[in-house]
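In: This is a predicted model, with the sequence first.
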Amino acid sequence: MSISTDNMRVERVGEVQGPVQRAVIDYASMPPLFILCDAVLMLALSMLVDLISTSQTSTGTLSSFDFTRPLGIGILSAVTFVLITTSRGLYKPWQMVRATEQVRAAFVNWTFTILFVATVIFCLKVGDDTSRLSTGIFAALGFVAVPASHWAMGAWLRRAVETGAVRGRPSILIGDVSQLDQVVPTEILERLGLREMRRFSFAGVPAGAASGSLSADELDTLKSAIQFARQQRIEEIVIAMPWSSLERLDAVRARLRALPVPVKLLPDEAVHELLDAPRVDFGSSVAIEVQRAPLSRIELAQKRVLDIAVSGVAMTLLLPLFAIIAICIKSDSKGPVIFRQRRNGFGGREFTIYKFRSMSVMEDGAKVTQAQRNDKRVTRVGRFLRATSLDELPQVLNVLFGHMSIVGPRPHAMAHDDEYSKLIAGYAFRHHVKPGITGWAQANGLRGETSEISLMERRIEMDLWYVNNWSIWLDIKIILKTFIEVFRNDAY
């Protein structure tokens, strides 16, 4: 139902009709419910796996089954997983409905959980009393059950929000029509935990009205909103108005002080993108971090541990492959096995990058020509190495030496660095972190030749996004995504 005048409009949205209501779940109970589901799943999985494993290897009865061991592993796993997931804010309802990210995060969090549990078992020297078979099966099943559980919980929550089975705190929306039209009731419920009861819209500022003043119709709208809030026991008010209308905002806020309830101001289009950036304390106020500071010592330590772990394992497992590739290169064409070229690294400092030689030339001067499709300089073995990105493998040595990271903006030849730094704004900001074997751009399919400046601009845009949004979880995501991308697209 709506009531309108020339410059005022009041809309009923989601107002309860009739005395009979269906059973609903309170929004505030969602995170505890998700945590309980995870804990029950891990405890049940640990107990079930150990019970089945024991019954297959002994003739003992259920009464003689020792619940202590699987119960301890289940509790430790549940506590570790819940703490990791909670620290990342992934139990919040608006995060739970993002199915793809939830599945990926659950997979990563479970990986760290199993590594931690294995470390605890080793440090406490209880490995002899713990069934390796049961623990291994428990870990393997968790990689399926936990992500599947989070996907199911997210799907259930989306359905519950759509059907009204989740109840948020009663609220009203007040603002300009143009701003309110962009607000979806389900998003208000998912993100703020609010159940929209009614909207009170300002049709617009009348011509000739004084700057920052409220018209008579707008004052009437606010009066109606306040009266409705009192009658319906509204618990929160949401304002949707342009942030540039500061005087009008102050006038609306002044009127709403008559109600002892919290008032939230939604971001408008002009500031929405900025508010996605990290916020830091600035005295009694808040500052928006539009350019990220260099990684802290703790963050650098996290990244370095991941680099050493991945590159160390890669060197150990890939040594036979290294030897095979070296033999193929030497038998295919003349020249060294390893191609060396100067690149700019962290802070613009020069280093020498290592790659398997894939071309008949060793360019490293003021002019370096990029490889093109059907490039005659590429050898037969080199064509295969470049298509599969195997030519990049020796860069694990650069990672071990500390020149590079597993994940980071790809380093370019110094000649290209000089060229692009003059053509693309913000290019130098790529050197804010160590260059990487793979990066956010490469994980999203931007590999190979950049024959046009627009292609390089897209890469740089993704590199800058990575620098400003770095986290250890993002690095792990990029590593996993790179494996998929290498098999999907060829470079040349």
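Out: Yep, that arrived. Given the structure is predicted, the values throughout are model-derived calculations rather than measurements.

In: Now do the contacts for Gly436.
Out: By Cβ atoms under 8 Å, 6 or more residues apart in numbering, Gly436 lies in contact with 404-410. To be clear about C-beta, it is placed using only N, CA and C from the backbone, and glycine gets the same treatment.

In: Pipe those into a markdown table and attach pLDDT per row.
Out: A markdown table is the format used below for the contacts of Gly436 (pLDDT from 0 to 100):
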| residue | pLDDT |
| --- | --- |
| Met404 | 94 |
| Ser405 | 94 |
| Ile406 | 94 |
| Val407 | 94 |
| Gly408 | 93 |
| Pro409 | 91 |
| Arg410 | 89 |
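
In: Which of these are buried? Put it as a PyMOL command.
Out: The buried residues among those can be selected in PyMOL (16 or more other Cβ atoms under 10 Å) with this line:
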select buried, resi 404+405+406+407+408+409+410
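
In: Quick one: the strands in the stretch 151-300 of the chain, in order.
Out: Here the stretch 151-300 of the chain has its strands, by DSSP state E, counting those that start in this stretch, at 166-167, 169-176, 194-202, 236-240, 263-265, 279-282, 285-288.

In: Next, format these as a markdown table and append distance to Ile25.
Out: Putting those into a markdown table (distance: least, Cβ to Cβ, whole Å) gives the following:
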| stretch | distance to Ile25 |
| --- | --- |
| strand 166-167 | 6 |
| strand 169-176 | 13 |
| strand 194-202 | 12 |
| strand 236-240 | 19 |
| strand 263-265 | 23 |
| strand 279-282 | 31 |
| strand 285-288 | 33 |
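
In: out of the ones you listed, nearest to Glu299?
Out: With distances scored as Cβ to Cβ, the stretch of the strands of the stretch 151-300 of the chain nearest to Glu299 is strand 279-282 (15.0 Å).

In: Look up the pLDDT of Leu390 for me, please.
Out: Looking at Leu390, its pLDDT is 88.

In: again, but for the one 4 residues further on
Out: According to the model's per-residue confidence, Pro394 sits at a pLDDT of 93.

In: Hmm, Phe356 and it touching each other?
Out: Yes - Pro394 is within contact range of Phe356, at 6.0 Å (criterion: Cβ atoms under 8 Å).

In: Which neighbours do those two have in common?
Out: Shared contacts of Pro394 and Phe356, counting by Cβ under 8 Å, 6+ apart, come down to Ile338.

In: Mind checking the strands of the stretch 151-300 of the chain for the one nearest to Leu246?
Out: Nearest to Leu246, of these and by Cβ to Cβ, is strand 263-265 at 11.1 Å.

In: got the buried residues for that closest one?
Out: So strand 263-265, judged by 16+ other Cβ under 10 Å, has zero buried residues.

In: before we move on, the earlier item: which of the strands of the stretch 151-300 of the chain comes out lowest on mean pLDDT?
Out: Sorting those by mean pLDDT places strand 279-282 lowest, at a mean of 64.

In: can you tell me how far the residue nearest to Glu190 when sequence neighbours are not counted sits from Met153?
Out: Closest residue in space to Glu190, ignoring its immediate chain neighbours: Trp94 at 4.5 Å, by Cβ to Cβ, 6 or more residues apart in numbering. Distance check for Trp94 against Met153: by Cβ to Cβ, to the nearest Å, it reads 13 Å.

In: Could you chop this structure up by domain?
Out: The chain is divided into the following domains under automatic domain parsing: 2-17+167-205+215-276, 25-163, 297-488.

In: The longest helix along the chain packs against which elements?
Out: The longest helix of the chain (DSSP state H) is helix 297-332. Packing contacts for helix 297-332, counted by 3 or more Cβ pairs under 8 Å, 6 or more residues apart in numbering; DSSP states H and E, involve strand 350-356, helix 380-388, helix 395-401, strand 405-407, helix 472-488.

In: How about it, which residues are buried there?
Out: By 16+ other Cβ under 10 Å, the buried positions in helix 297-332 come out as 303, 306-307, 310-311, 314-315, 318, 322, 325-326, 328-329.

In: So which elements touch the helix or strand following that helix?
Out: As assigned by DSSP states H and E, the chain's next helix or strand after helix 297-332 is strand 338-344. For strand 338-344, the packing partners by 3+ Cβ pairs under 8 Å, 6+ apart come out as strand 350-356, helix 414-423.

In: Quickly compare those and say which is most buried.
Out: strand 350-356 (a mean of 17; mean count of other Cβ atoms under 10 Å).

In: quick one: it to helix 380-388, angle?
Out: 110 degrees (axes from the mean of the first three to the mean of the last three Cα atoms, to 10 degrees).

In: export strand 350-356 as CSV, just CAs?
Out: The C-alpha coordinates for strand 350-356 follow below in CSV (Å, rounded to 0.1, in the frame of the first residue of the first chain):
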residue,chain,number,x,y,z
GLU,A,350,67.6,-5.3,-9.9
PHE,A,351,67.9,-9.1,-9.8
THR,A,352,68.6,-11.9,-12.3
ILE,A,353,65.6,-14.1,-13.2
TYR,A,354,66.1,-17.8,-14.2
LYS,A,355,64.0,-19.6,-16.8
PHE,A,356,64.5,-22.7,-19.0
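
In: What are the contacting residues of it?
Out: Strand 350-356 has contacts (Cβ under 8 Å, 6+ apart) with 325-326, 329, 337-345, 385, 390-395, 397-398, 403-404, 411, 414.

In: how does it look with 10 Å?
Out: Outside strand 350-356, the residues within contact range by Cβ atoms under 10 Å, 6 or more residues apart in numbering are 322, 325-326, 328-329, 336-345, 364, 381-382, 385-386, 390-398, 401-404, 411, 413-414, 434-435, 437.

In: returning to that earlier point: and the angle for the longest helix of the chain with helix 472-488?
Out: Between helix 297-332 and helix 472-488, the angle comes out at 20 degrees (the same axes, to 10 degrees).

In: What average pLDDT does helix 297-332 get?
Out: For helix 297-332, mean pLDDT rounds to 89.
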